[in-house]
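Participant: show me how the following folds:
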Amino acid sequence: MTANIMTSDIEQCKESDMNDHISKPFEEAELIKKSYATFYQE
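Facilitator: Residues are numbered from 1 along each chain as shown. Below you'll find the model as predicted:
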């Protein structure tokens with residue numbers, strides 16, 4: 001989770017092998033959706 005929301009910041013996170021990116025402030029539903037996708041990957 002980061003306060004940065006620029007496209008370059010998102011790309012940098014993914015390039016460093018992070019699974020996804022969520023910026024602050026975030027919606028609770030978005031956090032749950034991304035958490036579920038990360039922990040229950042098939």
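
Participant: can you give me the buried ones in the longest helix anywhere in the chain?
Facilitator: Of all segments of type helix in the chain, defined using DSSP state H, the longest is helix 28-39. For helix 28-39, the neighbour count (16 or more other CB atoms under 10 Å) marks K34 as buried. (Each C-beta comes from the backbone N, C-alpha and C, glycine too.)

Participant: other SSEs contacting that helix?
Facilitator: Packing partners of helix 28-39 (3 or more CB pairs under 8 Å, 6 or more residues apart in numbering; DSSP states H and E): none among the helices and strands.

Participant: quick one: mean pLDDT over that helix.
Facilitator: What helix 28-39 shows for mean pLDDT is 90.

Participant: send me that helix as PDB with only the CA atoms.
Facilitator: This file holds the C-alpha atoms of helix 28-39, laid out as PDB (Å, rounded to 0.1, in the frame of the first residue of the first chain):
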ATOM      1  CA  GLU A  28     -12.800  -1.100   1.600                       C
ATOM      2  CA  ALA A  29     -14.300  -3.200  -1.200                       C
ATOM      3  CA  GLU A  30     -11.200  -2.600  -3.300                       C
ATOM      4  CA  LEU A  31      -8.900  -3.800  -0.500                       C
ATOM      5  CA  ILE A  32     -10.900  -6.900   0.100                       C
ATOM      6  CA  LYS A  33     -11.000  -7.700  -3.600                       C
ATOM      7  CA  LYS A  34      -7.300  -7.300  -4.100                       C
ATOM      8  CA  SER A  35      -6.500  -9.200  -0.900                       C
ATOM      9  CA  TYR A  36      -8.700 -12.100  -1.900                       C
ATOM     10  CA  ALA A  37      -7.100 -12.200  -5.300                       C
ATOM     11  CA  THR A  38      -3.600 -12.200  -3.800                       C
ATOM     12  CA  PHE A  39      -4.200 -14.800  -1.100                       C
END
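
Participant: who's in contact with stretch 32-42?
Facilitator: 19-20, 22 (CB atoms under 8 Å, 6 or more residues apart in numbering).

Participant: mind exporting the C-alpha coordinates of stretch 6-19 to CSV?
Facilitator: Provided in CSV are the C-alpha atoms of stretch 6-19 (Å, rounded to 0.1, in the frame of the first residue of the first chain):
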residue,chain,number,x,y,z
MET,A,6,1.4,8.0,-10.4
THR,A,7,1.6,5.4,-13.2
SER,A,8,5.3,5.2,-12.8
ASP,A,9,5.0,4.3,-9.1
ILE,A,10,2.5,1.5,-10.0
GLU,A,11,4.9,0.2,-12.6
GLN,A,12,7.8,0.4,-10.2
CYS,A,13,5.9,-1.6,-7.6
LYS,A,14,5.1,-4.4,-10.1
GLU,A,15,8.6,-4.4,-11.5
SER,A,16,9.9,-5.1,-8.0
ASP,A,17,7.8,-8.3,-8.0
MET,A,18,4.9,-7.0,-5.9
ASN,A,19,1.6,-8.8,-6.6
